[in-house]
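Undergrad: When you get a sec, could you give me coordinates for this:
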Amino acid sequence: MTELALLEELKKIDTPTITNVVATYPGHRLCLEIYNPWSESWYTNNSLSCWYPELGPIAGYAVTCTYSVPDPTYKRWTLMDVLEEMDKLARPSIFCFQQKFPGELADKVGLSGGNMTSAMRACGALGAVTNGPSRDIHEIRPMGFQYLTRGICAGHGPQAIQALQVPISIAGMDIAPGEIVHMDENGAVKFPAGRLEEVVTNARALLAEEDQRVSSLLKAQGIDAVRQIMGGHRYAAKP
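TA: Got it, this is the predicted structure:
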């Protein structure tokens, strides 16, 4: 399958299933064990909320930057630089922006709104992940563009990009430019782009396996039937 076809396949798979094959199920034949699931920062924590759960899963290549208050001694980057990075990918992207505002401002920065989102969408972005708030939730809804943010607020003051296409950290997930980010209403997970085909293949196999098990459990009556269906599953194994 082509790269774009593999990304389309990822849209058919929920984010928890992706985490299961990336690292959550060490020892399982379909788990790639790319990270130590507890010690490494490879998926988002519970501090983020999904704006449009009805859009379902999306996946793309990370374009990263950091934002904070303007620094008069540093004026290197603008939003156009971010958009150029998205456009030259010529592939679906996820905008991952870490907000580094002072504590008294951190909850008041409705950073990405309708104008910024429509521009990113025109340059190939499918969604955005950030550790702070954004705004214009009503205006963005019909665009089919997903957001995972730490809240929503109506306004902001002056802000500026401090770094572009650098490793960042958002809600417990460390992200480098060019990594694959998969996200849905459960949160986001990242993994190396070079493992894309493996992740898709194993996730599809795991999904089929678990769908069959859950279907059987929904028809089961009593613990004996459950024990028989769950035999060999990690949930049935003694520690």
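Undergrad: contacts and neighbour counts: CA atoms only from here.
TA: Fine.
Undergrad: right, and the secondary structure at the spatially most central residue of the chain would be what?
TA: Taking Cα atoms, centre = their mean, the centroid of the chain lies closest to Ala188, which sits 2.8 Å from it. Here Ala188 is recorded as strand under DSSP: H, G, I helix; E, B strand; the rest coil.
Undergrad: so what's it up against?
TA: Thr15, Tyr43, Thr44, Val181, His182 (Cα atoms under 8 Å, 6 or more residues apart in numbering).
Undergrad: in its sheet, what does the longest strand seen in the chain sit against?
TA: Looking across the chain with DSSP state E, the single longest strand is strand 58-68. Paired strands of strand 58-68, with direction, are strand 93-99 (parallel), strand 160-164 (antiparallel), strand 180-184 (antiparallel) (DSSP bridges).
Undergrad: now, of those strands, which is deepest in the fold?
TA: Comparing the strands paired with strand 58-68 by mean neighbour count (mean count of other Cα atoms under 10 Å), strand 180-184 ranks first with a mean of 28.
Undergrad: Put the alpha carbons of it into PDB.
TA: The C-alpha coordinates for strand 180-184 follow below in PDB (Å, rounded to 0.1, in the frame of the first residue of the first chain):
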ATOM      1  CA  ILE A 180       3.000  10.100  12.700                       C
ATOM      2  CA  VAL A 181       0.300  11.400  15.100                       C
ATOM      3  CA  HIS A 182      -3.000   9.400  15.400                       C
ATOM      4  CA  MET A 183      -5.900  11.000  17.300                       C
ATOM      5  CA  ASP A 184      -9.600  10.700  18.100                       C
END
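Undergrad: Quick check: buried residues in the helix or strand just after the longest strand of the chain?
TA: Sequence order places helix 79-89 as the next helix or strand after strand 58-68, per DSSP states H and E. By 16 or more other Cα atoms under 10 Å, the buried positions in helix 79-89 come out as Val82, Leu83, Glu85, Met86, Asp87.
Undergrad: Tabulate these (a markdown table), appending distance to Tyr147 and pLDDT.
TA: Putting those into a markdown table (distance: Cα to Cα, whole Å; pLDDT from 0 to 100) gives the following:
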| residue | distance to Tyr147 | pLDDT |
| --- | --- | --- |
| Val82 | 17 | 98 |
| Leu83 | 17 | 98 |
| Glu85 | 19 | 98 |
| Met86 | 17 | 97 |
| Asp87 | 19 | 97 |
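Undergrad: low pLDDT regions in this protein?
TA: Across the chain, residues meeting the criterion (pLDDT under 70) sit at 211-221, 225-226, 228-239.
Undergrad: What segments of this protein are strands?
TA: 49-50, 58-68, 93-99, 125-130, 146-149, 160-164, 168-170, 173-175, 180-184, 187-191.
Undergrad: Between those strands, which one is closest to Lys11.
TA: For Lys11, the closest of the strands of the chain is strand 58-68, at 5.0 Å, according to Cα to Cα.
Undergrad: got the domain boundaries for this protein?
TA: What automatic domain parsing lists as the domains of the chain is 3-195, 200-236.
Undergrad: Highest mean neighbour count out of these?
TA: Each of the domains of the chain was scored by mean neighbour count; the highest is domain 3-195, a mean of 19, by mean count of other Cα under 10 Å.
Undergrad: From one end of that one to the other, what's the distance?
TA: Domain 3-195 stretches 11 Å from its first residue to its last (Cα to Cα, to the nearest Å).
Undergrad: Tyr67 touches Leu164, doesn't it?
TA: No. Using Cα atoms under 8 Å, Tyr67 makes no contact with Leu164, being 9.4 Å away.
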